[in-house]
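Enquirer: Build me a structure from this.
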Amino acid sequence: MSPHVLIGEAIEQLEKHYSRRTDKQAESLIVARFTAGDIDADEFKHYCERVRRIAERRKEAA
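Expert: Below you'll find the predicted structure:
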């Protein structure tokens with residue numbers, strides 16, 4: 001499966017059911033795919049920004 005699909009699914013899961021665990025899982029997946037060379041630096045920044053925005057929205061809602 002494409003790393004973009006895997007990361008997209010992890011981020012969707014994070015949006016639906018945010019928890020520290022799902023946040024760490026999504027971040028770990030992004031870092032692992034970047035380290036493996038499956039995504040480039042721009043994609044890495046894009047995905048990290050999406051995760052950061054989700055976490056920020058959850059903090060504001062709490």
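Enquirer: which other helices and strands contact the longest helix seen in the chain?
Expert: Ordering each helix of the chain by length in residues (DSSP state H) puts helix 41-61 first. Here helix 41-61 touches helix 3-16, helix 20-35, going by 3 or more CB pairs under 8 Å, 6 or more residues apart in numbering; DSSP states H and E. C-betas here are computed from N, CA, C, even on glycine.
Enquirer: Same list (these) but as CSV, adding mean neighbour count and mean pLDDT.
Expert: Formatted as CSV, the helices and strands packed on helix 41-61 follow (neighbours: other CB atoms under 10 Å; pLDDT from 0 to 100):
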stretch, mean neighbour count, mean pLDDT
helix 3-16, 15, 96
helix 20-35, 16, 96
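Enquirer: which stretch among the ones you listed comes nearest residue 57?
Expert: Among the helices and strands packed on helix 41-61, helix 3-16 comes nearest to residue 57, with 8.9 Å by CB to CB.
Enquirer: Keeping just the C-alphas, turn the closest one into PDB.
Expert: What follows is helix 3-16, C-alpha atoms only, in PDB (Å, rounded to 0.1, in the frame of the first residue of the first chain):
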ATOM      1  CA  PRO A   3       2.800   5.400   2.100                       C
ATOM      2  CA  HIS A   4       0.500   8.300   1.200                       C
ATOM      3  CA  VAL A   5      -2.600   6.100   1.600                       C
ATOM      4  CA  LEU A   6      -1.300   4.800   5.000                       C
ATOM      5  CA  ILE A   7      -0.500   8.200   6.300                       C
ATOM      6  CA  GLY A   8      -3.800   9.600   5.000                       C
ATOM      7  CA  GLU A   9      -5.700   6.800   6.800                       C
ATOM      8  CA  ALA A  10      -3.800   7.400  10.000                       C
ATOM      9  CA  ILE A  11      -4.600  11.200   9.800                       C
ATOM     10  CA  GLU A  12      -8.300  10.400   9.200                       C
ATOM     11  CA  GLN A  13      -8.300   8.100  12.200                       C
ATOM     12  CA  LEU A  14      -6.700  10.900  14.200                       C
ATOM     13  CA  GLU A  15      -9.400  13.400  13.100                       C
ATOM     14  CA  LYS A  16     -12.200  11.000  14.100                       C
END
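Enquirer: Now residue 19. Its backbone dihedrals?
Expert: phi -150, psi 170 (degrees, to the nearest 10).
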